[in-house]
Each structure stands twice: as C-alpha cells, then as structure tokens.
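Enquirer: Requesting a structural model of the entry that follows:
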Amino acid sequence: MLVDANILVYAYSSSMAEHSAAGQWLDAQLASGGQVALPWETTTAFVRLVANPRMFPQPATVAQAWEQVERWLTQPGVWIPTATRNHAEIFGELCRGGEFAANDVPDIHLATLAISHGLKVATHDRGFGRFEGLRVFDPIKAVG
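Expert: Predicted structure coming up:
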C-alpha cells in the first residue's frame, strides 16, 4: 500500500473530521508489520501541509512535522519506494492518458510509483481514479 499525504495529514491532525478513521487505519497498517510505502513526495507534502499556517490555525513546526515522519519511517514494514526501470514509460503513459493540469503532476508521479511497484494507493482523494491501471483504496470510507 502506497500512502498519499492526505491520509497522513488526517491521521496526524486531530482537528480534522477524518482524523479518527485515518488514524485507526494507519495505526492498524503499521501495527500489522505489513508493507507500507511512504514515498518522499508523500512525506515532504505532509511536512509542508501540517506546518502551513494557512491550513491550520496552530500548525506544527517543520521540525515537529519531520519528527513525526521519522517515527513513521522507523516502523517495521515502512519503506520508501523509488523510481523503477519503467518509471518514465509509465509516467508518460499517464500524462498522455487524460486532460491534466500542472497541479496534477505530483499525483501522476505517485500513481506511477504505485503502478510500477504493484501497489494500491491509500488516499481520500477521488482524483486518483482518473489514472488507468491504478488501484485505489479509501481508508476513510473503509473505516468510517
């Protein structure tokens, strides 16, 4: 399972309505020792979002957010997926497969990582359904 940043943000931020479901799901995944993929794009987006005062009235500091990432990265089964040999080919196919805007590029990249590693994407973002060949799982709907 490749985890999108929104699931990490919900799991971390107790003020969000999705917090309980995301936290329960993430905790269960980490406790199971199963494979949980946290790409750099996901973890850096998490840090950027939870430290942003426009998103949260009392944001975390960048250091606090990174400390949370470090705790996740030390869990058994957590790994950082990187580009595979066919990354460029898959990325190109996805880019040509729809009408995408510049802001869609990070999602295209996460979809590419997931497809190339044979993973599902855990996300609450319905936009991932646009990518052909991508398997998507919504932990918020599954738990909530």
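Enquirer: Give me the contacts around stretch 15-32.
Expert: 1, 3, 7-11, 13, 36, 56, 72, 75, 77-78, 122, 124, 139-140, 142-144 (Cβ atoms under 8 Å, 6 or more residues apart in numbering). Glycine gets a C-beta too; all of them are placed from N, C-alpha and C.
Enquirer: Quick one: buried ones out of the residues you listed?
Expert: 1, 3, 7-11, 13, 36, 72, 78, 122, 124, 139-140 (16 or more other Cβ atoms under 10 Å).
Enquirer: what ranges do the helices span in the protein?
Expert: Here the chain has its helices, by DSSP state H, at 5-12, 19-32, 40-50, 62-73, 87-96, 105-117, 139-143.
Enquirer: pLDDT on the longest one, on average?
Expert: Pointing back at helix 19-32 there. Average pLDDT, helix 19-32: 95.
Enquirer: and that helix, how far out from the chain's middle?
Expert: For helix 19-32, the separation from the chain centroid amounts to 13 Å (computed by Cα atoms, centre = their mean, to the nearest Å).
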